[in-house]
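In: Sequence plus predicted model, see below.
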Amino acid sequence: MTKNKIRFTPLDAVLIVLMLAAGLFLVRRIGVDLNYRWQWPVTLQYLVRMDGGSWTAGSLAQGFLTTVKLSLWATALATLLGTILGLMRVSHSLFDRLVAGSYVEMVRNLPPLVLVFIVYFFIGDRIMTLLGIEGLIRSASPATQAVLTFLFAPPARLSGFFAGLATLVLYEAAYITEIVRAGIQSIEQGQWEAAHALGLSRRQQLRYVILPQALQRILPALAGQLISTIKDSAIVSVISIPELTFQGLELMSATYLTFEIWITITALYFILTFTFSIGVRRLESSMQTKSSAG
Amino acid sequence: MSADERIIEAREIAKTFPGGVVALDRFTLAVRRGEVVVIIIGPSGSGKSTFLRCLNGLEEIDGGSIVIDGIPLDHHRKNRLLIRQEVGMVFQSFNLFPHMTVRENIDLAQIRVRKKTRTDAAETTMSLLAKVGITEKADRYPHELSGGQQQRVAIARALAMSPKVMLFDEATSALDPEMIGEVLDVMRTLAAEGMTMVVVTHEMGFAREAGDRIVFMENGRIVEEGETERFFAAPREERTHAFLGQIL
Ligand SMILES: Nc1ncnc2c1ncn2[C@@H]1O[C@H](COP(=O)(O)OP(=O)(O)OP(=O)(O)O)[C@@H](O)[C@H]1O
Ligand SMILES: [Mg+2]
């Protein structure tokens, strides 16, 4: 494998200086022409602030944390659901294929925003009440509540968090279903046939022969879906889940620090997705070196 | 010959692929218990692979009947599963499981299908690897092996199920010439042990020396069959003459 070494040339230096100059110019123009007063110190307080001698997370940092939790849970659960539906997509049973196929088509052809409202108003609200989950949580021991808060959200916000989570899971699962289906179908027919000839049942063929190979192949795509989930998670702000985007909206209407807040939020999303992208690229290249040995 | 004297009985089987290709046209073949090597030859597209694949249920037949070791290959799941467990198959393209070591490839069905303990399976695996002559590669992955070695592992993997019948579909066709011999040697050993084998091959030397019976098929039918010596010395059909003339 040939590696493209990144070399830093004088031209790059000139370009960076030019870009910085353009940025500074823009910031100045906003200050002078729009008469905008930059208030970075105030903004940064919403990230972290000194509170009685110790650092406390501001509302933006809390939103950031909620976004991370939401994305990780959504990806994990969507992978589970997507794997089941992906298996149904390649099932011998026409019924299974129809169910999974319709699901994928429905979700992919629905505006995500509509899906959020459907889940929130029809499913989230009603089912949570019906099952009496809220009452259950309120009467839970403080230790349980602390664990729930750590894993998901504070008790008061739990049902909203679950509605948002459910939306994301349902939405991302449709895409993961297709990733899993493609992964399974990428395995050579001969692998099925060899497993079949050895007397393994179809379930065993999948479990021991096909899925291990398919999952290895789709790992990069699944990791990529995590990045999409982070970006897509912004949509649940419309049902008041206090994730990053929602916190930004709230803060903006309270402080009018439009530019600072959105620049900060952009940076936070970027940090999150970029970190994961680097991870995914590492994963991809390490898997490439592994399989090119073969 | 009564029914239970036969290990394989395929009667009038028919197979038409979607698109209208008739791969098997009322094909009938029986293999006696104790008969060792039946060789199937024939031009490309004559239905040799299709026949082998029907025998273990890799292809569904459209008509006729298949009975293996007294078990009918019908629509009962149980019977189909039983037959797959009693019939081993070796493919042209090896089809080893690339994510498992050689040892794991051979262990898999013993543990998951035959429900053997790991220790028992490991013992069988090592003795089979000794038989095919590659004990030193037990912990290697398939891609670290040569084609000939991979095919020998594939044979060991099929044998691990202690099948009553072994099917070989052009087991040496994907191999470099210098590796063909080592695979054929393993097949000769099996024949000497009395393993019933149905072998599709283009290796006429092997067919002559190891085959008990030769079946020549074309267009999904048997053109001629006979005991090996007679078949090669005095073929009866015009078409057989022509075919043998081409390949010998
Ligand atoms: N899955 C399939 N779909 C459609 N047609 C098929 C399929 N498999 C085989 N056939 C056709 O059935 C006929 C018999 O094929 P088969 O593979 O059994 O021949 P073969 O004797 O094994 O030939 P070869 O010596 O080339 O391996 C051929 O005409 C082939 O094109
Ligand atoms: Mg063939």
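Out: The structure has been received and is ready for your questions. Ligands and ions are numbered 1, 2, ... in the order given.
In: Strands along the chain, start to end?
Out: Reading this off chain A. Using DSSP state E, the strands of chain A run over A:48-51, A:54-57.
In: Please refer instead to chain B.
Out: With DSSP E as the criterion, chain B has strands spanning B:6-16, B:22-32, B:37-41, B:63-68, B:71-72, B:87-90, B:165-169, B:196-200, B:213-218, B:221-227.
In: how about these, which one is nearest ligand 1?
Out: The closest of these to ligand 1 is strand B:22-32. By CB to the nearest ligand atom, the value is 3.6 Å. Quick note: C-beta positions are derived from backbone N, CA and C, even for glycine.
In: Does anything pack onto that closest one? Which helices or strands?
Out: Strand B:22-32 is packed against strand B:6-16, helix B:48-55, strand B:63-68, strand B:221-227, with contacts defined by 3 or more CB pairs under 8 Å, 6 or more residues apart in numbering or on different chains; DSSP states H and E.
In: Make JSON lines from those and add mean neighbour count and mean pLDDT to it.
Out: Shown next, in JSON lines, are the helices and strands packed on strand B:22-32 (neighbours: other CB atoms under 10 Å in any protein chain shown; pLDDT from 0 to 100):
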{"stretch": "strand B:6-16", "mean neighbour count": "19", "mean pLDDT": "95"}
{"stretch": "helix B:48-55", "mean neighbour count": "23", "mean pLDDT": "97"}
{"stretch": "strand B:63-68", "mean neighbour count": "18", "mean pLDDT": "95"}
{"stretch": "strand B:221-227", "mean neighbour count": "16", "mean pLDDT": "95"}
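In: Would you convert the ones you listed into a markdown table that also reports distance to ligand 1?
Out: Putting the helices and strands packed on strand B:22-32 into a markdown table (distance: least, CB to the nearest ligand atom, whole Å) gives the following:
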| stretch | distance to ligand 1 |
| --- | --- |
| strand B:6-16 | 8 |
| helix B:48-55 | 3 |
| strand B:63-68 | 15 |
| strand B:221-227 | 12 |
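In: out of these, nearest to B:L96?
Out: helix B:48-55 (18.8 Å; CB to CB).
In: ok, residues contacting that closest one?
Out: Surrounding helix B:48-55, the residues in contact under the criterion CB atoms under 8 Å, 6 or more residues apart in numbering or on different chains are B:8, B:10, B:13, B:15, B:23-24, B:27, B:29, B:40-42, B:59-61, B:66, B:68, B:73, B:87, B:89, B:165, B:167, B:169-170, B:198, B:200, B:217, B:220.
In: which residues in the stretch 51-200 of chain A form helices?
Out: A:59-89, A:94-108, A:112-117, A:125-131, A:133-138, A:142-151, A:158-185, A:189-197 (DSSP state H, counting those that start in this stretch).
In: was I right about A:Q225 contacting A:Y175?
Out: Yes: counting by CB atoms under 8 Å, A:Q225 does reach A:Y175; the two are 6.1 Å apart.
In: Just the buried ones from the contacts of helix B:48-55?
Out: By neighbour count, with 16 or more other CB atoms under 10 Å in any protein chain shown, the contacts of helix B:48-55 hold B:8, B:10, B:13, B:15, B:23-24, B:27, B:29, B:40-42, B:59, B:61, B:66, B:68, B:73, B:87, B:89, B:165, B:167, B:169-170, B:198, B:200, B:217, B:220 as buried.
In: Let me know whether B:K15 touches B:R26 as I believe.
Out: No: between B:K15 and B:R26 there is no contact under CB under 8 Å: 10.2 Å.
In: which residues do these two both contact?
Out: With the criterion set as CB under 8 Å, 6+ apart, the contacts of B:K15 and B:R26 do not overlap.
In: State the distance from the residue lying farthest from the centre of chain B to B:Q110.
Out: The centre of chain B is farthest from one residue, B:T119, which by CA atoms, centre = their mean lies 28.4 Å away. To B:Q110, B:T119 is 11 Å away according to CB to CB, to the nearest Å.
In: Could you do A:I241 as well?
Out: 52 Å.
In: quick one, which of those two is more surrounded?
Out: Neighbour comparison, A:I241 and B:Q110: the larger count goes to A:I241, with 28 against 24 (by other CB atoms under 10 Å in any protein chain shown).
In: what separates the more buried one from chain B, distance-wise?
Out: The spacing between A:I241 and chain B, counted by CB to the nearest CB, to the nearest Å, is 40 Å.
In: Let me see the backbone angles for that residue.
Out: A:I241 adopts backbone torsions of phi -80, psi 120, taken as degrees, to the nearest 10.
In: ditto for A:F152
Out: phi -120, psi -90.
In: Now do the contacts for A:D12.
Out: If a contact means CB under 8 Å, 6+ apart, then A:D12 has no contacts.
In: actually A:Y171, not the one I typed
Out: Residues A:78, A:107, A:112, A:115, A:232 are the ones in contact with A:Y171 under the rule CB under 8 Å, 6+ apart.
In: at 6 Å what do you get?
Out: Neighbouring residues of A:Y171 by CB atoms under 6 Å, 6 or more residues apart in numbering or on different chains: A:112, A:115.
In: The residue of the stretch 1-150 of chain A found nearest ligand 1: how many residues sit nearby?
Out: Going by CB to the nearest ligand atom, ligand 1 is nearest to A:H92 of the stretch 1-150 of chain A, at 16.4 Å. A:H92 has 7 neighbours, counted by other CB under 10 Å.
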